[in-house]
Each structure stands twice: as C-alpha cells, then as structure tokens.
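> give me coordinates for this.
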Amino acid sequence: RKNDQAHVEQKNGAVVRRIVGYWRLEGLEAAAALAELYRSVRLFVNFFQPSFKLAEKSRDGAVVRKRYHAPATPYQRLLEDARVPEEVRARLRAMASGLDPVRLLRDIRAAQQRLVEMADRTGVGEHAAPTQPTLEEFLKGLQTAWREGEVRPTAQLKP
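Next up is the predicted model:
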C-alpha cells in the first residue's frame, strides 16, 4: 500500500537501525559481518529482551484504552503457548540453557565495531582494535555505565 513504508521503518528503527546504524554497507564482507551480527542479535532479542504485547483495545468516545499483557520474551511466549509441540519446547529449553547474555552482548558489540570499521574504511586510515575489558573491569564499570550514555559503536558518529 501507499503508506506502508512508515510502518516498516517504525519496526526497522526499533530493531535494525538501532543495532546496525545508518551506514551504507556493501559487499560480501559486509554481508558476512551482518549475518554474524544478526545471529547474536536474534538470540539476544528472542531470549533476553521482554516486550509488551497488546491484549485489549477499547474505545469510549475519543478515549482509547489499551491493556497489555505482562512483559515477556518471545521465548517465554512460545513456552506458554499450548499449540507448541513438546519436542520444540525441549529444543528451545536446551538452546536457552546454553546462552549467556553477557557473551551475546560482547559478540554484538564486536560485530558492530567491525561494521563501523568497514563503513569508515573509505575515510581516515585504519583504527586500533578495541580491547576487551576483564570481568572485574566490566563489573566495576556497571556502577557508572549509565553516566557514559550510549555504548553501541553504531551510535557514535565520527567527527
């Protein structure tokens, strides 16, 4: 339809643009890096990011009242659905037990950094490789991380 693009971009802004950014990425190297990024993002979003789902919407004149289900991850919603076969539930539980959200976030940040470096390659020379903090440094930084603002490499524009 003529006005569908706004709805598509709304979802892209919530997931794709927030994760990847707005750079133009071309070539097989960028496609491989995006596939690696999406592999980690898919698991992180579906297993560890709860979201609200609309349960009921009623209108009383000009007032629209919306009632939402309790926040849950897509993984939790699948387990609660009676239509899902037990073998699928068992496979999902096994997959969830092997996931580490901190490791997934680290993989996501590393893949985002590679994408930024690919996008900036046409600009100023090579960048130094980012260093990974130790577990103690990471835990110590959690106390003040909120003050530093956005930590995604894709959110930091080059001067």
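> which residues in this protein form strands?
Taking DSSP state E as the criterion, the chain carries its strands at 54-60, 63-68.
> so which of those comes closest to Asp81?
Smallest distance to Asp81 across those (Cβ to Cβ): 14.7 Å, for strand 54-60. The C-beta positions use only the backbone N, C-alpha and C, and glycine is treated the same way.
> that closest one packs against which elements?
strand 63-68 (3 or more Cβ pairs under 8 Å, 6 or more residues apart in numbering; DSSP states H and E).
> neighbouring strands of the strand it packs on in the sheet, and parallel or not?
When sheet partners are counted by DSSP bridges, strand 63-68 sits next to strand 54-60 (antiparallel).
> now render the strands of the chain as CSV, adding mean pLDDT, mean neighbour count and distance to Ala94.
As requested, the strands of the chain are exported to CSV (pLDDT from 0 to 100; neighbours: other Cβ atoms under 10 Å; distance: least, Cβ to Cβ, whole Å):
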stretch, mean pLDDT, mean neighbour count, distance to Ala94
strand 54-60, 93, 9, 30
strand 63-68, 94, 9, 30
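> per-residue confidence at Asn12?
We have a pLDDT of 62 for Asn12.
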